[in-house]
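S.K.: what's the 3D shape of this:
(2 chains)
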Amino acid sequence: MRSGAHPPVTARGRVNGRDVETAIAAQTLLIDFLRDAMHLRGVKRSCDVQACGACTVLLDGRPVSACTTLALELDGCDVETVEGMREASGLGAVQQAFIDAGAIQCGFCTPGFVMTVHALLRQYPDADRPMIIHELAGNICRCSGYESIVHAAELARDRLRERAAAPSEAVVARER
Amino acid sequence: MSDSRGWTVRTRADEGPEDLVAKVTGTAIYATDIEYPNLAHAALVRSQVAHGLIRSIDTAAALAADGVVCVLTGADLADIDPYYGELVYDQPAIAIERVRYAGEPYCAIVAESRALALEAAALVTADIEPLPGLFGPDQALAPGADPIHPERPAQPDAHPNVCRQYRLDVGDVDAAFARAAYVHDAVYRCPAIYHYAMEPFCSIASWEGGGLEVISGTQQPFRVRDGLARMFGLPHTRVHVRAPYVGGAYGSKGEMKYEPLVAALARKAGRPVRLACSIEESFHTVTRHAASVRIRTAVDENGWMIGRDSEIVFDTGAYADKGPRIASRGANRVSGPYKIPNLRARSAAVYTNTVPAGAFRGFSTSQVLWAEESAMDEIAEALGEDAVEFRMRHLLDRGDQYMTTDSPLDADLKAGLRLAAAAVDVGSPAPTNVGKGLAVGVKDAGGGAGRAAATVRLHLDGSIELFAGATELGQGSARVLGALAANEFGVSPDAVTVRLADTATAPFDRGTNASRTTVGVGGAVLDACGKIRAQLREALLACGVDGEDFRLVGAELVVGSFRRSLTEVLAGLSSIPVREVGFLIGQGLHVVEVEPDTQRSRSLYYEVCYSTVELEVDPDTGRIALRRFVSVTDAGKALDRLACEGQDLGAAMMGIGSTLSEELVYEDGILLNPNLIEYSVPTTEFLPSHGFESILIENGDGPGPFGSKGVGEAGIIAVAPAIANALYRATGVRIRELPLTPARVWEHLATDKAQRAANNVPTEPVR
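M.R.: As a prediction, this is how the structure comes out:
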């Protein structure tokens, strides 16, 4: 298909919590929109066939491969990328766990893994090791041998559970 | 080397090391991420013919297409030396007159975007006259086979399709075989595989700064610089190469790959150009050598191995790349780490019309040990001896000569083997269809004689800057080198800024390969820091303070109760004002010399790993499920434990993939599975069900800082034979061809069952 063969289509959505309105060619892939138009270079291109997970982003909380998703899908949706995973206090719990577990080597797969773990733990805060292994099977890491990545997911799960179990200071203050 | 201060692992107060924070937040910049002014984008047209003569290329339609800047073919390279390679310059930047493998680029398009370049590339047509394809060493070496490089024979005294042949002769092998009580003879094969670095090949070139600037995901920026300077006739000073973060390499990004072509494209376009290959294109760039290894071993009447005769054929594909050294290094390793007094090896790297093969983690050791360590189990069984005890008897001792032309062995292999055998309790009985196995891997490391360098600057505010030519590929070099410098001054690693892989600022470095960075470059960092400490000590003496035991606290030097700013201390050192000094500098070196008397090349050290595995075979499907895998690796001293374990388990998993599933499949020279759907690299589901562990041996006996050794490759080299040995113990079936896919295992099980039934042999396997 020739570039520009179709008139641009307008899409309105949110990317990492910010409203985005854009006119894009209908055939534009989400990976190209996020990388080239939004400058979100943490969305990594590797396999191009939805098999490696390096370009995983969350579309309304659901992990998708941006390499096989049309950019127009963002219309009316929330898109989250690794750049949006920082919390006000610093690194997100999943991000910090990847560092602490030694789960990062070349780093090219890391953003995709972080997003997949986020999606998993949001939906299943108590995900056990077999479930983690199963859910992460769509992300390829060629450096680590995976053990440290599974450990990172378990560490993030435990920390998030602890955080959920301990009433936050804001809640305590309000109850007083 | 100033080990006197000892090694202290310092924890950080912040989120973590800068490189890891960048990677986990998506801000780490790789070659594909760099935004470059006025950048144009390239796409390549690749041959669908495996071997042929280029009669004509029609680029008119492509040139007229939207957004096209220029088109380039081999005819555009007449004014440069278009050929490159490591030892043999046989590979053109783009095909010239002839294509030698299906997938070889013969035309390149530069356009305003990668999408427009790809659209234009589809409009290029070519008349390529097919020649007979030579799709394996057997065909390539057949009498009368057409030469693949008729104009540039790599080894003129051999068959024209021999890229390199090598002979190893030690003792009298024929006499050993003449008196042998038992001879074991078998052939082991493994197919070509692909590294599958997650980041596809990507390079940027620009001529806008008064020379050639190249940004590339490369392991060897200085080799790229020197090669480009030679090809384009430029002084080294006018070629600036730097490597940003590299998304995995494992050998695939050594030497030059697309850099010469991208430089030629940028020259013709008159603009900066990026070539960002797809993964499918990356599969068509470099592979690991397919190999056939025949090993004959002579054993005397007392069960001692007295001779070995080997023939190794490596399929090096269409171009030499690192094939010549693969051939020689592989042959040198046929003895394994064992005492075998008489050795003969004949090895060859052979040209074929397939994707070029080059370096791959393990550098030919994996292919040779696949044969050698399988044979060790087979010989032990033939002798009726336990496979561990058979190895124990023959293992080299510390200080013994290994590989005749290299350094003496620097590890305690027997203690390591005992530790590894206990790790999975390899001798204990196992349930039906379950087997345990191990293999020993030893590889010369560090790349022989050579030197590594580092520059350290101590600024007047107490901050430290470290420059080295090493590339950060994910192994954590930036962190360990920075931590070494920090340790020398007693400061947090945060105080050190590490700048790697930039030919304009770093001292020369041969490349990030052969597991040499921690030992070589790390040693150079200590040397550089020692030189700065010597200057500080002299300045302190001028202040009336004597003592080696000083440290840096912020911008102050502290010795006991003495505490004074660097600026004040240094004022006594020089007659010029301190602010004119700016910083202290230390130029560090780590040198490994060739032995002058024997001209022996000396490896820095040996990488040692014992792979041990427990697996279960499903007899109905042939599927192998790993239950437990323990990789026991000699780290000398783990300077960064998580990073060492990550290297070890990462290497082991890579070996598990090439043992169980990975294989590049060709049909008439066409690669059938250049994608992640049909080429199966390990996923989390390959994780052993009952544990995947790394045990690090730390005897502090390495030549690196604080007794460290490198651990980049050890973990992969013994995986395949360990699994095949365990498979044999589980089933009684010996398979000598990789990968051990369910189909292959099932076929062997079925054949074995039929043979046993025909011979009326009970089906219980040997244990």
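
S.K.: Pretty sure residue A:22 sits in a strand.
M.R.: Yes - checked against DSSP: H, G, I helix; E, B strand; the rest coil, residue A:22 lies within a strand.

S.K.: The nearest residue to it once chain neighbours are set aside: what's it in contact with?
M.R.: In this structure, residue A:22 finds its nearest non-sequential neighbour in residue A:11, 5.7 Å apart by C-beta to C-beta, 6 or more residues apart in numbering or on different chains. Where C-beta positions appear, they are placed from N, C-alpha and C, glycine not excepted. Counting by C-beta atoms under 8 Å, 6 or more residues apart in numbering or on different chains, residue A:11 touches A:20-24, A:71-72, A:74-75.

S.K.: Buried among those residues? Make that a ChimeraX selection.
M.R.: In ChimeraX, a selection of the buried entries from the contacts of residue A:11 looks like this (16 or more other C-beta atoms under 10 Å in any protein chain shown):
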select /A:20,22,24,71,72,74
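
S.K.: Nearest to residue B:660 among the contacts of residue A:11?
M.R.: residue A:71 (37.9 Å; C-beta to C-beta).

S.K.: Would you list the strands that the helix or strand containing the residue nearest to residue A:22 pairs with, along with their directions?
M.R.: According to DSSP states H and E, residue A:11 maps onto strand A:9-15. Taking DSSP bridges as the criterion, strand A:9-15 forms sheet pairs with strand A:18-24 (antiparallel), strand A:78-80 (parallel).

S.K.: got those as a markdown table, with mean pLDDT columns?
M.R.: Shown next, in a markdown table, are the strands paired with strand A:9-15 (pLDDT from 0 to 100):
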| stretch | mean pLDDT |
| --- | --- |
| strand A:18-24 | 96 |
| strand A:78-80 | 98 |
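
S.K.: Need those strands in JSON lines (columns: distance to residue B:497).
M.R.: Converted to JSON lines, those look like this (distance: least, C-beta to C-beta, whole Å):
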{"stretch": "strand A:18-24", "distance to residue B:497": "32"}
{"stretch": "strand A:78-80", "distance to residue B:497": "32"}
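
S.K.: closest one to residue B:486 among those strands?
M.R.: Closest among the strands paired with strand A:9-15, using C-beta to C-beta: strand A:78-80, at 36.0 Å.

S.K.: gap between the closest one and the chain center?
M.R.: 9 Å (C-alpha atoms, centre = their mean, to the nearest Å).

S.K.: buried ones in it?
M.R.: A:79-80.

S.K.: Whichever helix or strand comes after that strand packs against which elements?
M.R.: Moving toward the C-terminus from strand A:78-80, the next helix or strand (DSSP H and E) is helix A:93-100. Contacts defined by 3 or more C-beta pairs under 8 Å, 6 or more residues apart in numbering or on different chains; DSSP states H and E place helix A:93-100 against helix A:110-123, helix A:147-165, helix B:18-25.

S.K.: elements contacting the shortest one?
M.R.: In terms of contacts (3+ C-beta pairs under 8 Å, 6+ apart), helix B:18-25 is packed against helix A:93-100, helix A:110-123, helix B:477-489.

S.K.: May I see those helices organised as a markdown table, with mean neighbour count and distance to residue B:529 added?
M.R.: Shown next, in a markdown table, are the helices and strands packed on helix B:18-25 (neighbours: other C-beta atoms under 10 Å in any protein chain shown; distance: least, C-beta to C-beta, whole Å):
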| stretch | mean neighbour count | distance to residue B:529 |
| --- | --- | --- |
| helix A:93-100 | 24 | 26 |
| helix A:110-123 | 25 | 31 |
| helix B:477-489 | 25 | 4 |
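
S.K.: Out of these, which gets nearest to residue B:281?
M.R.: Among these, the nearest to residue B:281 by C-beta to C-beta is helix A:110-123 (20.9 Å).

S.K.: how about whichever helix or strand comes after the closest one: buried residues?
M.R.: The first helix or strand that comes after helix A:110-123 along the chain, using DSSP H and E, is helix A:129-135. Under the neighbour-count criterion of 16+ other C-beta under 10 Å, helix A:129-135 has A:132-133, A:135 buried.

S.K.: ok so, going back, ok, so of the contacts of residue A:11, who is nearest residue B:717?
M.R.: For those, the nearest to residue B:717 is residue A:71 (45.0 Å; C-beta to C-beta).

S.K.: and that closest one, what does it touch?
M.R.: Contacts for residue A:71 (C-beta under 8 Å, 6+ apart) come out as A:11, A:22, A:24, A:28-30, A:32-34.
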